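Undergrad: One predicted model, sequence on top.
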Amino acid sequence: MGLKTPLYDTHVQQGAKIVDFGGWDMPLHYGSQIEEHHAVRRDSGMFDVSHMCIVDLSGGRVREFLRFLLANDVGRLKTSGKALYSCMLLPNGGVIDDLIVYYMSGTWYRMVVNAGTRDKDLAWIRKHAIDFDVTVAERKELAMIAVQGPNARGKAAALLPPPQQAAVLELKPFFGAPFGSWFVARTGYTGEDGFEIMIPAAEAADAWGRLLQQGVKPAGLGARDTLRLEAGMNLYGNDMDEHFHPLESGLAWTVAFEPKDRDFIGREALERAQRESGRELVGLLLEDRGVLRSHQKVLSAGATTAGLCGEVTSGTFSPTLNRSIALARVPKTSQPAVQVDIRGKLHAARIVKPPFVRHGKALIDIS
Amino acid sequence: MSNNIPSDLKYTKSHEWVRQAQNGAIEIGITDHAQSALGDLVFVEVPDVGRALSAGEACAVVESVKAASDVYSPLAGKVIANNGALASKPELLNEDPYGTGWLFRLETTGSAAVSSLMSASAYETFLAEESK
């Protein structure tokens, strides 16, 4: 038996197929993963993401601490509630985790890290926090529900008392704010508009039930994975980990090299890596029928096994495009036409620029 | 877990079903239990007509959003038909695993005997054991 979120019983009642995910018993789907995927693209869906780890960091030097700990620069955050996506790196540039950090005040930041990396993340954060007198407090009493889709914000806002509804609908993308005991952020992992709602565990089942009444469809980890991959978003452990640095993981945009005088863990290694040609994370569209999967080998077009050039890091069937898509790590010199070894047979694929889908629309040419 | 097990079919431990057709031919598909465990199917590869199969040979692939699974030929024989509709509508396998979601038909060869396969009640017992 694994760890259970405050919504576990609700999922079971709603017919979820439960699977182990990083030690947590989580819903994979509630019947049809593809229907759940379409619900998020076309209307609204909700995910229990309470397994994710919410950490509050506080202290007089917390800003200074996070500017050292994270590859992106929290110094860019000037407005309370503003969120930033960042990697936390090892000195050699390997990615310990990817995370979101919210600027709450000059002495308080809130961070959300992955469930599967919780233990090592907290150990790493605490180890470095000591030098900055920063207090690290995990907020285990909070559950988290992601409500995603073109109609998600309106339906989620209806859960709040009328005076707060207008305010929550005014939240700009990548901003969060407290609403009573809730913290609502306009963030997500699907490529659709929506909210991620942090809520006291005791209130989670009630909120889930009210969202259901609003017509929000429960969606599991299966749909979460196909949605994030269509949106071109990385999954930690698949598309990056401690063996790869952000520049070869499609995350160069999250590394703030400016200002030059900001020292952060991993900076030196990344500056070296910048000068190498190296590898990059790209999108793949399978030209043939079939399904791309992680660890399949990528070869240059026309090559036999000698032309091995890369590997699929995440692959799936895209319900929106009705084609198979993937993220793959290949040499920067790769030509657009490649082949993928699917169970011993070579299939034609094309390198494309993610995202594949955003806001319900295909962004790549699938003809 | 969905568990429809028609009594007029035969079954394998790898979750294929076998229906006896005319002239000694047999029709093969995957069970309701199998499609339910796999989840939404998005890609199906069936064996080419004319291909000779031995018993237990991996001859078809069913892929769900989650993973790819091999389908094994329950008996030895030659493929005389395959279900082309699955190429564009793999979801037929989820919707109607014992009907429009059939995979291929075999003309059995040699001493292949349908009677050697599991009955519906034996398969039901097998599933119960497997889930323990």
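TA: Nice, thanks for sending it over. This structure is a prediction, so every number in the text was calculated from the model and none was measured.

Undergrad: any idea which helix or strand carries the residue of chain B found nearest chain A?
TA: Nearest residue of chain B to chain A (CB to the nearest CB) works out as B:V42 at 3.9 Å. Where C-beta positions appear, they are placed from N, C-alpha and C, glycine not excepted. Using DSSP states H and E, B:V42 sits within strand B:41-45.

Undergrad: list the helices and strands that strand packs on?
TA: strand B:58-64, helix B:92-95 (3 or more CB pairs under 8 Å, 6 or more residues apart in numbering or on different chains; DSSP states H and E).

Undergrad: and after the first one, which helix or strand comes next?
TA: Counting by DSSP H and E, the next helix or strand C-terminal to strand B:58-64 is strand B:68-72.

Undergrad: Tell me the strands beside that next one, with direction?
TA: strand B:58-64 (antiparallel) (DSSP bridges).

Undergrad: For the strand it pairs with, buried residues please.
TA: Neighbour counts over strand B:58-64 (16 or more other CB atoms under 10 Å in any protein chain shown) mark B:59-64 as buried.

Undergrad: Could you give the average pLDDT over it?
TA: Mean per-residue pLDDT for strand B:58-64: 95.

Undergrad: residues in contact with it?
TA: By CB atoms under 8 Å, 6 or more residues apart in numbering or on different chains, the surrounding residues in contact with strand B:58-64 are A:290-291, A:317, A:343, B:30, B:38-47, B:51, B:53, B:68-73, B:79, B:90, B:93, B:103-104.

Undergrad: ok, back up a step: pull the contacting residues for the residue of chain B closest to chain A.
TA: Per CB under 8 Å, 6+ apart, neighbours of B:V42: A:34, A:291, A:317, A:319, B:63-65, B:90.

Undergrad: ok, back up a step: which among the contacts of strand B:58-64 count as buried?
TA: A:290-291, A:317, B:30, B:38-47, B:51, B:53, B:68-69, B:71-73, B:79, B:90, B:93, B:103-104.

Undergrad: So what's the residue count around the residue in the stretch 1-150 of chain A positioned nearest to chain B?
TA: Per CB to the nearest CB, A:I34 is where the stretch 1-150 of chain A lies closest to chain B, at 4.5 Å. Residues lying near A:I34 (other CB atoms under 10 Å in any protein chain shown) number 21.

Undergrad: Any chance of the backbone angles for residue 8?
TA: Reading this off chain A. phi -50, psi -50 (degrees, to the nearest 10).

Undergrad: Not quite, go with chain B.
TA: Here B:D8 shows phi and psi, under degrees, to the nearest 10, equal to phi -90, psi 0.

Undergrad: Surely it and B:W17 touch.
TA: No. Counting by CB atoms under 8 Å, B:D8 stays clear of B:W17, with 10.1 Å between them.

Undergrad: what residues does the longest helix belonging to chain B touch?
TA: Determined from DSSP state H, the single longest helix within chain B is helix B:120-130. For helix B:120-130, the external contacting residues (CB under 8 Å, 6+ apart) are B:3, B:5-9, B:11, B:13, B:31, B:33, B:118.

Undergrad: Just the CA atoms of it, as PDB, please.
TA: Taking Å, rounded to 0.1, in the frame of the first residue of the first chain, the C-alpha atoms of helix B:120-130 are listed here in PDB:
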ATOM      1  CA  ALA B 120     -14.800 -20.000 -20.300                       C
ATOM      2  CA  SER B 121     -15.100 -21.300 -16.700                       C
ATOM      3  CA  ALA B 122     -11.500 -22.400 -16.700                       C
ATOM      4  CA  TYR B 123     -10.500 -18.900 -17.900                       C
ATOM      5  CA  GLU B 124     -12.600 -17.300 -15.200                       C
ATOM      6  CA  THR B 125     -10.900 -19.400 -12.600                       C
ATOM      7  CA  PHE B 126      -7.500 -18.500 -14.100                       C
ATOM      8  CA  LEU B 127      -8.400 -14.700 -13.900                       C
ATOM      9  CA  ALA B 128      -9.400 -15.100 -10.300                       C
ATOM     10  CA  GLU B 129      -6.100 -16.900  -9.500                       C
ATOM     11  CA  GLU B 130      -4.100 -14.300 -11.400                       C
END
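
Undergrad: The residue of the stretch 1-150 of chain A closest to chain B is in contact with B:P90, isn't it?
TA: No. Using CB under 8 Å, A:I34 makes no contact with B:P90, being 10.6 Å away.

Undergrad: quick one: the helices in the stretch 1-150 of chain A?
TA: Under the criterion DSSP state H, counting those that start in this stretch, the stretch 1-150 of chain A contains helices at A:8-13, A:33-42, A:62-69, A:118-129.

Undergrad: I'd like to know which elements the second one is packed against.
TA: Using 3+ CB pairs under 8 Å, 6+ apart as the contact criterion, the elements in contact with helix A:33-42 are strand A:217-218, helix A:221-230.

Undergrad: and among these, the most buried is which?
TA: helix A:221-230 (a mean of 26; mean count of other CB atoms under 10 Å in any protein chain shown).

Undergrad: Could you check it against chain B for contacts?
TA: Yes. Judged by CB under 8 Å from any CB of the partner chain, helix A:221-230 comes into contact with chain B through A:222, A:226.
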